[in-house]
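1. here is the input, now give the coordinates:
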Amino acid sequence: MNRRPRSEAIKAAGRRIADARLACALMTPREQAEAAWTPTSPYTVDELEAQIRAERGLTDREAS
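-> Next up, the predicted model:
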């Protein structure tokens, strides 16, 4: 089996996490909620959007 060194794996994981965080930050709360929602989700898109807005410190009227 060809395995990469642990330090390389950690760096690669960090890059992927940073890329994902950036992608989410560039989305509106609605876009992020729509991307996160699945048919098996216990939350509606509107509920997810409200949670994202709260995490970002936005009111219901603020876009992003």
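
2. middle-most residue in this protein, spatially?
-> Geometric centre of the chain, nearest residue: residue 24, 4.7 Å, by C-alpha atoms, centre = their mean.

3. hang on, that one packs against residue 33?
-> No - in this structure residue 24 lies outside contact range of residue 33 using C-beta atoms under 8 Å: 10.6 Å. Every residue, glycine included, has its C-beta placed from N, CA and C.

4. got phi/psi on the residue nearest to the centre of the chain?
-> Dihedral angles of residue 24 (phi, psi; degrees, to the nearest 10) stand at phi -70, psi -40.

5. mind checking how far it is from residue 4?
-> Per C-beta to C-beta, to the nearest Å, residue 24 is found 27 Å from residue 4.

6. and what of residue 12?
-> 8 Å.

7. in this protein, which spans are helices?
-> Assigned by DSSP state H, the chain shows helices spanning 6-26, 29-36, 45-56.

8. the second one vs helix 6-26, what angle?
-> Put simply, helix 29-36 runs at 130 degrees to helix 6-26, going by axes from the mean of the first three to the mean of the last three C-alpha atoms, to 10 degrees.

9. packing partners for helix 29-36?
-> Packing partners of helix 29-36 (3 or more C-beta pairs under 8 Å, 6 or more residues apart in numbering; DSSP states H and E): helix 45-56.

10. list of residues touching the helix it packs on?
-> By C-beta atoms under 8 Å, 6 or more residues apart in numbering, the list of residues contacting helix 45-56 from outside reads 29-30, 32-34, 36-37, 41, 43, 59-60, 62, 64.

11. need those in CSV (columns: neighbour count, distance to residue 51 and pLDDT).
-> As requested, the contacts of helix 45-56 are arranged in CSV below (neighbours: other C-beta atoms under 10 Å; distance: C-beta to C-beta, whole Å; pLDDT from 0 to 100):
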residue, neighbour count, distance to residue 51, pLDDT
29, 22, 9, 96
30, 16, 12, 96
32, 22, 10, 96
33, 22, 8, 97
34, 13, 13, 97
36, 16, 9, 95
37, 16, 11, 97
41, 12, 12, 96
43, 14, 8, 97
59, 7, 14, 81
60, 9, 12, 71
62, 10, 15, 60
64, 14, 14, 49
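
12. cool, thanks, talk later.
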